[in-house]
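Q: Please find the sequence and the predicted model below.
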Amino acid sequence: MPNYPMDLPARVEILERMLPLALAAGQSRQALDVIRSGDLTVGDPDGAHIQLISMGEVGAEIWFVPGTGTNPTKLQADTTAGYTGEAALHVVSGDAGAVSSELLLASGEVSMRVLDAGGSAGGYAFWGSTLAQFGYIDGTNDNYFKFSSSSISRHYGQWDDFGSVTSDAGILCGSWTLASGFNGVHVPYPATMNSNMGPVAVIRDGAATPNFYWTLTASTQSSFDIDWSSGGGVLSGKAGYFWSFRH
């Protein structure tokens, strides 16, 4: 006849109390608030997914990888942006070896630009504590505005020739030449402009010793006229330069 311990009923009672706790523990997981090493992928590694990278190209990074293609959007804690002790927010989209775009936010600086393998290659905007720049920069055909904290603004690049602009252009600028024998010039705009025009013009005379009077005699939304006198009885050749603005 088997022998049972004298406290068997007590032991069974204890096991009965512990069984629900054991079952509940088997269905729960310990909270993971720290991953000590390695990177983390959320989603299908062969499709669209998110990568959490503890140390990437410039610091800690989050990559949003598309389902097709190889150009992720990267959120980077950039420690190489030139700000000591700071991880600047750097967002990059596209392939840096071809064409990409970026946004950088750091202490006293916000910038956006289009890039290729050689650097800036398109639209560009920069806000700083003492400087702001907006426009197009590719190193060859730069065309942008620059504003400084000293109340000075500057434009880099050139203005379009007035002969190719449309009726909604704000500024028309250009030049013309005229042979000798004329006492005035009619300068037509390429279209009837959408509002009143204000031409500002100067005349350069072809004579060795210029001696004449000239004046702006007419201005409409489609043209302006300049007339001049003879210089010493001679109507010499002329050249004109103008800037005409809508207002």
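A: Nice, thanks for sending it over.
Q: Could you break the chain into its assigned domains?
A: Following automatic domain parsing, one finds the domains of the chain at 40-156, 162-246.
Q: the helices in this protein, which residues?
A: For the chain, applying DSSP state H gives helices covering 8-26.
Q: want to throw the domains of the chain into JSON lines with mean pLDDT, distance to Arg11 and mean neighbour count?
A: C-betas here are computed from N, CA, C, even on glycine. What follows is the domains of the chain, written out as JSON lines (pLDDT from 0 to 100; distance: least, Cβ to Cβ, whole Å; neighbours: other Cβ atoms under 10 Å):
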{"stretch": "domain 40-156", "mean pLDDT": "87", "distance to Arg11": "45", "mean neighbour count": "14"}
{"stretch": "domain 162-246", "mean pLDDT": "92", "distance to Arg11": "93", "mean neighbour count": "15"}
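Q: closest to Glu16 out of those?
A: domain 40-156 (41.2 Å; Cβ to Cβ).
Q: Return the distance of the closest one from the chain's centre.
A: 10 Å (Cα atoms, centre = their mean, to the nearest Å).
Q: Equivalent analysis for stretch 7-16, please.
A: 74 Å.
Q: Kindly format the C-alpha coordinates of that stretch as CSV.
A: The C-alpha trace of stretch 7-16 is given here as CSV (Å, rounded to 0.1, in the frame of the first residue of the first chain):
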residue,chain,number,x,y,z
ASP,A,7,0.6,17.1,4.5
LEU,A,8,-0.5,16.0,1.0
PRO,A,9,-3.9,17.8,1.2
ALA,A,10,-2.0,21.0,2.0
ARG,A,11,0.4,20.5,-0.9
VAL,A,12,-2.5,20.0,-3.3
GLU,A,13,-4.2,23.1,-2.0
ILE,A,14,-1.1,25.1,-2.7
LEU,A,15,-0.8,23.7,-6.2
GLU,A,16,-4.4,24.6,-6.9
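Q: For that stretch, the averaged confidence score.
A: Mean pLDDT, stretch 7-16: 72.
Q: buried stuff in that stretch?
A: The neighbour-count check on stretch 7-16 (16 or more other Cβ atoms under 10 Å) flags nothing as buried.
Q: that older thread, format the domains of the chain as TSV; extra columns: distance to Ala24.
A: Shown next, in TSV, are the domains of the chain (distance: least, Cβ to Cβ, whole Å):
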stretch	distance to Ala24
domain 40-156	28
domain 162-246	72
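Q: Which among these is found nearest to Glu13?
A: domain 40-156 (45.1 Å).
Q: measure the closest one end to end?
A: Start and end residues of domain 40-156 are separated by 46 Å (Cα to Cα, to the nearest Å).
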